[in-house]
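Student: give the three-dimensional model of this entry:
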Amino acid sequence: MQLATRAVVTAVLAAAVAVAGYLGTMPLSIAAAVLAVVLALGWPTLAGLPFVPGSAAVVALGGVGAVGVVHVTATQPFLRDLPVVFAAAVLLAFLNELLRRDGRTRLVESVSGTVAGTLVAVAVAGWVAIGRTPGGEPIVVVGALALAVGSAVVALPLAPWVGALVTAGSAAAAGALGGLLVPGVDPLAGAVLGLAVGILVATLHALFDQLPSLERRWPSLAAVTLPVTVTGILVYVVGRVLVG
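Tutor: This is a model prediction of the structure:
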């Protein structure tokens with residue numbers, strides 16, 4: 001999948017999250033769970049892990065479990081049980097290694113890569129948490145809007161540092177515009193949120209864009225999903241600090 005195509009798909013996924021956040025908690029939770037599963041299916045190959053089926057299962061269980069726990073948590077803080085889910089997923093990562101029958105080559109790499117993928121998948125629950133927070137729906141929309149713009153701009157053929165600055169600036173501008181258009185979010189808070197999202201998008205682009213595995217379907221899908229899942233926890237933290 002080419003860079004421009006990946007950028008468009010990521011922008012579309014971010015827009016879908018914005019629409020789901022506007023529609024309510026259940027659509028947002030379903031969207032987050034689907035994102036976690038898609039990430040899980042492609043993450044082991046994207047990261048070059050040796051035992052693809054087991055690592056994919058651990059990442060998927062961690063991501064979907066995190067979304068489910070946050071969705072059913074009755075009162076704030078909605079993320080209070082998230083460490084328990086992640087700890088259980090870490091144990092599953094070790095169980096995954098015990099189930100291998102290939103001589104357990106690259107054991108440390110396999111465990112660390114699986115845990116890292118699980119952490120990324122668990123982060124998607126941040127979208128659900130901020131969506132359930134009173135007054136949080138506008139933050140979901142503004143954060144997803146900034147992510148969509150940043151993901152589209154990052155594909156421009158610019159020098160690395162120039163591209164990073166343009167991406168961060170564009171996402172900040174989109175966040176400020178979202179703050180102007182969406183009630184409940186101050187334009188300055190939207191700009192700061194957009195800036196944080198833009199920096200994250202530029203960083204992930206620099207980390208993953210040159211991987212040879214992106215020529216294949218599932219790793220490419222994991223790569224386009226990755227910014228959306230990671231941004232979930234970022235939007236939650238920054239949104240709670242700036243908006244309350």
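
Student: most remote residue from this structure's center?
Tutor: Here the centre of the chain is the reference, and by CA atoms, centre = their mean the most remote residue is G103, at 32.7 Å.

Student: list phi and psi for that residue.
Tutor: Here the main-chain torsion angles of G103 (degrees, to the nearest 10) amount to phi 90, psi 0.

Student: ok now whichever strand or helix holds V224, how far from the chain's centre?
Tutor: Following DSSP states H and E, the helix or strand that holds V224 is helix 217-242. How far helix 217-242 lies from its chain's middle: 2 Å, per CA atoms, centre = their mean, to the nearest Å.

Student: what comes up buried for that helix?
Tutor: Taking 16 or more other CB atoms under 10 Å as the neighbour-count basis, helix 217-242 is seen to contain the buried residues 218-236, 238-240, 242. Bear in mind the C-beta positions are built from the backbone N, C-alpha and C, glycine included.

Student: what segments of the chain are helices?
Tutor: Counting by DSSP state H, the chain has these helices, from start to end: 3-23, 25-46, 52-72, 82-98, 107-123, 125-132, 137-153, 160-181, 187-208, 217-242.

Student: okay, these in TSV with mean pLDDT next?
Tutor: Rendered in TSV, the data for the helices of the chain read as follows (pLDDT from 0 to 100):
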stretch	mean pLDDT
helix 3-23	86
helix 25-46	94
helix 52-72	95
helix 82-98	94
helix 107-123	94
helix 125-132	91
helix 137-153	90
helix 160-181	92
helix 187-208	90
helix 217-242	88
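
Student: and the helix holding V224, what does it pack onto?
Tutor: In this structure, helix 217-242 packs against helix 3-23, helix 25-46, helix 107-123, helix 125-132, helix 137-153, helix 187-208, with contacts taken as 3 or more CB pairs under 8 Å, 6 or more residues apart in numbering; DSSP states H and E.

Student: could you check the angle helix 82-98 makes with that helix?
Tutor: Note on geometry: by axes from the mean of the first three to the mean of the last three CA atoms, to 10 degrees, helix 217-242 and helix 82-98 are set 160 degrees apart in direction.

Student: number of residues surrounding T105?
Tutor: When neighbours are defined as other CB atoms under 10 Å, T105 has 10 of them.

Student: what's the nearest residue to it if we skip its chain neighbours?
Tutor: P50 (5.9 Å; CB to CB, 6 or more residues apart in numbering).

Student: quick check, that neighbour in contact with V108.
Tutor: No: applying CB atoms under 8 Å as the test, P50 and V108 come out as separate, 10.9 Å apart.

Student: neighbour count: these two, which is higher?
Tutor: Set side by side, P50 and V108 give different neighbour counts by other CB under 10 Å, the larger being at P50 (18 against 8).

Student: quick one: contacts of stretch 37-57?
Tutor: 59-60, 63-64, 92-93, 96-97, 99-100, 102, 105-106, 109-110, 113-114, 116-117, 120-121, 124, 208, 211, 213-214, 216-223, 225-226, 229 (CB atoms under 8 Å, 6 or more residues apart in numbering).

Student: show the buried residues in those.
Tutor: In terms of neighbour count (16+ other CB under 10 Å), the buried residues within the contacts of stretch 37-57 are 59-60, 63-64, 92-93, 96-97, 110, 113-114, 117, 120-121, 124, 208, 213-214, 218-223, 225-226, 229.
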